[in-house]
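Got a predicted model here, sequence first, then my questions.
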Amino acid sequence: MRMRQSGSPARITALAGGIGGARFLRGLIAAAPDAEITVIGNTGDDIWIHGLRVCPDLDTVMYTLGGGISEERGWGRQDETFTVKDELAAYGMEPSWFGLGDRDIATHLVRTQLLAAGYPLSAVTEALCLRWAPGVRLLPMSDERAETHVVVDEEGGTQRAIHFQEWWVRHQARIPARAFVLVGVDDAKPAPGVIEAIEGADAVVLPPSNPVVSIGTILQVPGIREALGRTPAPVVGVSPIIGGRPVRGMADACLTALGVETSAAAVAAHYGARDAGGVLDGWLVDDADAGDVDTVARLGIACEARPLLMSTPDDTRAIAAAALDLAARLRS
Ligand code: GDP
Ligand code: CA
C-alpha cells in the first residue's frame, strides 16, 4: 500500500453531494494537503433548465474548492446577479422556481456547448475545472444521464414522479416523498476513473452528504457499490445527522421516505457494515450522539464521537483529520 511517512493516505477517494460534501472536502484538502484526492460527484440532481445542462452538485464542489462559491447561499457564484432570471420571468418562462445566476449561466453555457459537441460529462467537468483548479480530481459518478425523481401523491389517490429539483427547490421537500427513483440508472456506467479511484485508494471517505439523494444516488450506479465492497481501502463515513436532525437542508424528509429514522445510528445502519454487505468500516458521529456509538459498533462498524459541526475551516479540517485517522487505524 502507498503510504506517506506521516501515515496519512497518499490517495483518498471521496463520494460527494453538494454543500455538505463540498464543505467537508475543503477540510479534507486542509487535513491532507499532499494527498491525491479524487471526488466522485453526484449527478442525480442534474437537470435541463432553459436549454442548459445544469449539474448543481458538481458545480457546488467546483466553486467551493475553486474559491468561486457564494458563502452566504452555499451554492452558486459569489457576487452573483440575476438579470437573466428576471428577464426570463418577464417572458413568463418556466421553471421560474429554479434560479440561475448570470455568472453561473456562463458555466452552463460552456457545459452545454461541449456536451453538444460530443464530449462526455467527465471530459466537460475536467475542462471546467481547468479554470477553477479545485485541488481535487472531480469525476461525475457517470457520464450517462441518471436523474432522481420523487414519487408523490396526487389528488384522487394517484401518484406521479416529479424531478428531484421540483420537489426540493419548488416544494422545499414539504410534499411527502413516497419513493425516490433514479431514472436512467440501469443503463448508466461509472464514469472513467471512478472504479479505479475506489479500488486504488488508501482511504475512501463518505462526507456528511445527504445519505439518500447524494451518496445513496452514487451508490446506485451499477458497479460503484461493488467496488466499495472489494476495495482494500477502509471506508469511513461522517454523519450528516447531528442530534436527530440534518444540520442544513431536508435530509430527514428523504430518510423518512425510505423508512429510515433521522439519527446518526440509523444512517450508519442504512449504509451497513462492509462485512455484512454494506459500505462502511468506520463511522463518525457527533459528540451529541455519543450514545449511538455502541449501537453502531454492534453493527460491525468502528464508531467514534467527535464534534461534527463544520462551523469554521479549522473545525472542518479537524473532522476530516478524524476520518483519516480512523481510516489509518482500520488499515493497520
Ligand atoms: P446538497 O447536495 O447541497 O444537499 O449537499 P450534500 O448532500 O453534500 O450535503 C447535505 C447534508 O449535509 C445535509 O443533509 C446535512 O445533514 C449535512 N450537513 C450540512 N452541514 C453540516 C455540518 O456542519 N456537519 C455535518 N455533520 N453535516 C452537515
Ligand atoms: Ca444535491
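It's in. Ligands and ions are numbered 1, 2, ... in the order given.

Could you use CA atoms for every contact and neighbour count after this?
Fine.

is ligand 1 contacted by stretch 265-278?
No. Applying Cα under 6 Å from any ligand atom, one finds stretch 265-278 separated from ligand 1 by no less than 10.8 Å.

For that stretch, could you pull out the residues that count as buried?
265-274, 278 (16 or more other Cα atoms under 10 Å).

Which of these sits closest to ligand 1?
The closest of those to ligand 1 turns out to be Val267 (Cα to the nearest ligand atom; 10.8 Å).

Where does the closest one sit: helix, strand or coil?
Of the three states, Val267 takes helix according to DSSP: H, G, I helix; E, B strand; the rest coil.

what sits against it?
211, 239, 241, 260-261 (Cα atoms under 8 Å, 6 or more residues apart in numbering).

what's the first-to-last distance across stretch 114-124?
Taking Cα to Cα, to the nearest Å, stretch 114-124 runs 6 Å from one end to the other.

Same check on stretch 29-38?
From its first residue to its last, stretch 29-38 covers 11 Å (Cα to Cα).

and what of stretch 29-45?
In stretch 29-45, first residue to last residue: 25 Å (Cα to Cα).

quick check: mean pLDDT across it?
Regarding stretch 29-45, the rounded mean pLDDT is 98.

tell me which element Trp283 is part of?
In the assignment (DSSP states H and E), Trp283 maps to strand 282-286.

Convert the lengthiest helix in the chain to CSV, retaining C-alpha atoms only.
When the chain is parsed with DSSP state H, its longest helix is helix 313-331. Only the C-alpha atoms of helix 313-331 are listed here, as CSV (Å, rounded to 0.1, in the frame of the first residue of the first chain):
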residue,chain,number,x,y,z
PRO,A,313,-12.3,25.9,8.4
ASP,A,314,-10.4,24.7,11.5
ASP,A,315,-13.4,22.7,12.8
THR,A,316,-13.9,21.2,9.3
ARG,A,317,-10.2,20.2,9.0
ALA,A,318,-10.4,18.5,12.3
ILE,A,319,-13.4,16.4,11.2
ALA,A,320,-11.6,15.3,8.0
ALA,A,321,-8.5,14.6,10.0
ALA,A,322,-10.5,12.4,12.4
ALA,A,323,-12.0,10.5,9.5
LEU,A,324,-8.5,9.9,8.0
ASP,A,325,-7.1,9.0,11.4
LEU,A,326,-9.9,6.4,11.9
ALA,A,327,-9.2,5.1,8.4
ALA,A,328,-5.4,4.8,9.1
ARG,A,329,-6.2,2.8,12.3
LEU,A,330,-8.6,0.5,10.4
ARG,A,331,-6.0,-0.2,7.8
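
circling back to that earlier point, could the buried residues of stretch 265-278 go into CSV alongside pLDDT?
Formatted as CSV, those follow (pLDDT from 0 to 100):
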residue, pLDDT
Ala265, 98
Ala266, 98
Val267, 98
Ala268, 98
Ala269, 98
His270, 98
Tyr271, 98
Gly272, 98
Ala273, 98
Arg274, 98
Gly278, 98
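
Format those residues as JSON lines; extra columns: distance to Arg11.
Shown next, in JSON lines, are those (distance: Cα to Cα, whole Å):
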{"residue": "Ala265", "distance to Arg11": "28"}
{"residue": "Ala266", "distance to Arg11": "29"}
{"residue": "Val267", "distance to Arg11": "26"}
{"residue": "Ala268", "distance to Arg11": "24"}
{"residue": "Ala269", "distance to Arg11": "27"}
{"residue": "His270", "distance to Arg11": "26"}
{"residue": "Tyr271", "distance to Arg11": "23"}
{"residue": "Gly272", "distance to Arg11": "24"}
{"residue": "Ala273", "distance to Arg11": "22"}
{"residue": "Arg274", "distance to Arg11": "20"}
{"residue": "Gly278", "distance to Arg11": "22"}
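
what residues does the stretch 201-332 of the chain put near ligand 1?
For the stretch 201-332 of the chain, the residues in contact with ligand 1 (Cα under 6 Å from any ligand atom) are 208-210, 214, 239-241, 246-249, 251, 308-311.

Out of those, which sit inside helices?
Short answer: those in helices (DSSP H) are Ala251.
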